[in-house]
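A.B. asks: could you work out the structure for the sequence below:
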Amino acid sequence: MTVTQTAGSRPTRKVGLVTGSPDIGRCGIHDYVLALAQSLRGTGTACEIIDQRDWSLTGLNRLRHKVRLSDPDIVHIQYPMIVGWRSLGPHLLGWLSRKPLVLTLHEFTSFDRLRQASLRAFVHNATTICLTTDYETAHFLRAFPGAAAKVRTIPIGSNIPRADRTAHLDAPPYTVTYFGQIKPGKGIEQFIDLIRVASAKQRPWTFRIAGAPVGWAPHYIEDLTKGLSGCPVEWILNPSDADAARVLADSHVAYLPYPDGISERRGSFLAALYNGVPVVTTDGPARPQGIDAIARLAPDAESADAAIAALLQDRDTWERLSSAGQRYVAKHDWSRIAEQYRAVYDAAVAR
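C.D. replies: Next comes the predicted model:
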């Protein structure tokens with residue numbers, strides 16, 4: 001054990017954070033691990049990031065060796081990861097590590113029945129299971145009511161830092177931005193529809209699409225841009241976190257049309273709010289309470305065009321949404337998240 005303690009202090013624990021860095025592009029969950037590690041270290045928690053990209057039987061044996069050499073007090077894994085999400089290897093980590101296992105489960109409600117059923121191994125072996133919204137937790141407990149004593153809800157934070165706000169409603173052109181992973185099924189198609197609708201109406205807007213493309217859809221961007229000739233759109237691919245923050249801070253509106261609706265587990269939504277960008281997005285069953293105070297909802301591109309136009313013509317509402325969004329994300333501050341995980345680790349070791 002590596003727990004140490006001085007008089008009057010909390011014990012210093014060592015956490016092995018298991019993640020999988022992608023071969024190409026970015027993975028939001030991997031970025032989440034990096035941000036969590038940095039914040040945990042700020043609380044005095046020792047962290048070692050264990051980058052596991054091979055979840056075959058051979059890779060699992062190597063992982064067991066890595067954990068043995070690291071000798072953490074707790075092993076903390078995120079699921080699913082862009083690397084190894086098709087494998088059952090992550091489910092076996094509790095047996096392999098012989099350490100208290102903390103699982104953070106992302107996007108449970110997006111899993112099909114087979115993937116949800118596969119989580120029984122995690123439920124059996126994990127000391128604590130953390131979900132990221134109350135909505136996700138409620139659905140998880142319907143599937144696994146016997147796991148209630150193990151379950152906690154801890155929100156995610158923005159992986160993107162805050163930049164100095166540079167967008168102002170002085171005069172057009174105004175910038176409308178999409179930010180997020182660039183792959184099919186993420187809502188970019190609806191953003192493209194907005195570009196066409198707004199361009200047909202000769203709106204004084206420019207458009208940016210910022211994010212990381214995936215390697216398995218090499219022609220996706222080319223296919224999306226067909227028919228956009230002459231439209232004022234800029235692609236910003238693979239921006240650094242700091243560059244992404246500057247892009248958002250220089251945007252007048254962020255249009256984030258999530259296919260299954262807005263949720264507090266949407267890191268791109270939090271990043272936009274964190275940088276003071278008024279957001280137009282899509283409704284859904286997991287929408288946060290009080291969403292009308294921090295964003296505007298629009299079911300399709302035509303409605304989004306009208307909502308954005310109204311915002312850009314109403315300085316008071318635009319500024320109120322910008323300020324309200326920044327206040328709202330305070331509960332998603334990484335220092336708060338780190339303290340909540342510290343409490344989870346303490347309880348896990350004490351069991």
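
A.B. asks: and the next helix or strand past the lowest-mean-pLDDT helix or strand in the chain?
C.D. replies: Lowest on mean pLDDT, DSSP states H and E among the helices and strands of the chain sits helix 93-97, with a mean of 76. Moving toward the C-terminus from helix 93-97, the next helix or strand (DSSP states H and E) is strand 101-105.

A.B. asks: give me the residues contacting that following strand.
C.D. replies: By C-beta atoms under 8 Å, 6 or more residues apart in numbering, the surrounding residues in contact with strand 101-105 are 74-79, 93-94, 119, 122, 125-132, 136, 140, 154, 341, 344-345, 348. Any C-beta I mention is one placed from the backbone N, CA and C, and that applies to glycine too.

A.B. asks: distance of Ala244 from Arg208?
C.D. replies: 11 Å (C-beta to C-beta, to the nearest Å).

A.B. asks: run through the bridge partners of Ile77.
C.D. replies: Val18, Leu103 (DSSP bridges).

A.B. asks: tell me how many other residues crowd it.
C.D. replies: 25 (other C-beta atoms under 10 Å).

A.B. asks: for the one 10 residues further on, same thing?
C.D. replies: The tally of other residues near Ser87 (other C-beta under 10 Å) stands at 17.

A.B. asks: with Ala167 instead?
C.D. replies: Neighbours around Ala167, by other C-beta under 10 Å: 20.

A.B. asks: tell me the secondary structure at it.
C.D. replies: coil (DSSP: H, G, I helix; E, B strand; the rest coil).

A.B. asks: OK, contacts around the nearest residue to it once chain neighbours are set aside?
C.D. replies: Spatial nearest neighbour of Ala167, excluding adjacent residues (C-beta to C-beta, 6 or more residues apart in numbering): His252 at 4.9 Å. Shown in contact with His252 (C-beta under 8 Å, 6+ apart): 167, 169, 174-176, 277-278, 312, 318.

A.B. asks: can you redo the residues you listed as TSV with secondary structure?
C.D. replies: Shown next, in TSV, are the contacts of His252 (three-state DSSP):
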residue	secondary structure
Ala167	coil
Leu169	coil
Tyr174	strand
Thr175	strand
Val176	strand
Val277	coil
Pro278	coil
Leu312	helix
Trp318	helix
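
A.B. asks: now, which of those sits nearest Glu234?
C.D. replies: Glu234 lies nearest to Thr175 out of the contacts of His252, by C-beta to C-beta, at 9.0 Å.

A.B. asks: sorry, back to before: so which of the contacts of strand 101-105 are in helices?
C.D. replies: Counting by DSSP state H, the part of these found in helices is 93-94, 122, 125, 136, 140, 341, 344-345, 348.

A.B. asks: identify, from the residues you listed, the entry nearest to Ser303.
C.D. replies: Using C-beta to C-beta, the ones in helices among the contacts of strand 101-105 come closest to Ser303 at Glu136, 27.0 Å.

A.B. asks: give me the spatial nearest neighbour of the closest one, chain neighbours excluded.
C.D. replies: Phe108 (5.1 Å).

A.B. asks: correct me, but that neighbour touches Phe122?
C.D. replies: No. Phe108 sits out of contact with Phe122 when judged by C-beta atoms under 8 Å, with a separation of 10.9 Å.

A.B. asks: show me where the stretch 101-250 of the chain has helices.
C.D. replies: 113-118, 120-125, 134-143, 188-200, 220-224, 241-249 (DSSP state H, counting those that start in this stretch).
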